[in-house]
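J.: Provide a 3D model corresponding to the input given below.
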Amino acid sequence: MVSIVRNLPTLFFSVFKYLVRSKYLDKDQARQAFILNVLLLGSIVLCIIALVSASIGKLLTERKGEIYPGISPWILLIPLIVYIVGYFTSRLGKSRQVTYVLIGLYLLGAAYTGYKWGADVPESLLIYALIIVMSGILVGSRFALIITVIISLVLLT
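T.: This next block holds a predicted model:
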């Protein structure tokens, strides 16, 4: 039992390394695919946590006879499915297309947050910063500049 617990971090790291491994031979493409896979796996985990949290919150408030004020757990299934499909598509070698979808999905979520609760919500602004950095790392600096202009226009409207 002690050896299993002692080897648990090594096992976890081996599984993680297998999950984010890239199939590209070019070092730059392999690095971008690796980062994309890490971001997708992190998004999947966070989306599952949000789904469980929203489901529990909905069950608890409905049990009290109140109306649940949060987002529907069914709506949270949409980005989770997109992230999972994107992860498997990225593993098949279509990382460029998945990158655009991931950035677009994050941009859509941040824009919705800004629209619903105001443009100065700290979470929305942090997600915008994350989108700009992700764009620069995964696609390139010119695309990051275009995304910055798009985000500026979204914030202005």
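
J.: what count of nearby residues applies to the nearest residue to residue 139 once chain neighbours are set aside?
T.: Leaving out its chain neighbours, the residue that sits closest to residue 139 by CB to CB, 6 or more residues apart in numbering is residue 99, at 6.1 Å. Every C-beta, even on glycine, is put in place using the N, C-alpha and C of the backbone. By other CB atoms under 10 Å, 24 other residues sit near residue 99.

J.: do the same with residue 56
T.: Residues lying near residue 56 (other CB under 10 Å) number 11.

J.: so for the helix or strand where residue 145 lies, what gets flagged as buried?
T.: Element membership for residue 145, per DSSP states H and E: helix 141-156. For helix 141-156, the neighbour count (16 or more other CB atoms under 10 Å) marks 143, 144, 147, 150, 151, 154 as buried.

J.: over to stretch 127-138?
T.: For stretch 127-138, by 16+ other CB under 10 Å, it's 127, 128, 131, 132, 134, 135, 136, 137, 138.

J.: give me the subset of those residues lying in helices.
T.: 127, 128, 131, 132, 134, 135, 136, 137, 138 (DSSP state H).

J.: pretty sure residue 134 sits against residue 40.
T.: No. Taking contacts as CB atoms under 8 Å, residue 134 lies outside contact range of residue 40: 11.2 Å.
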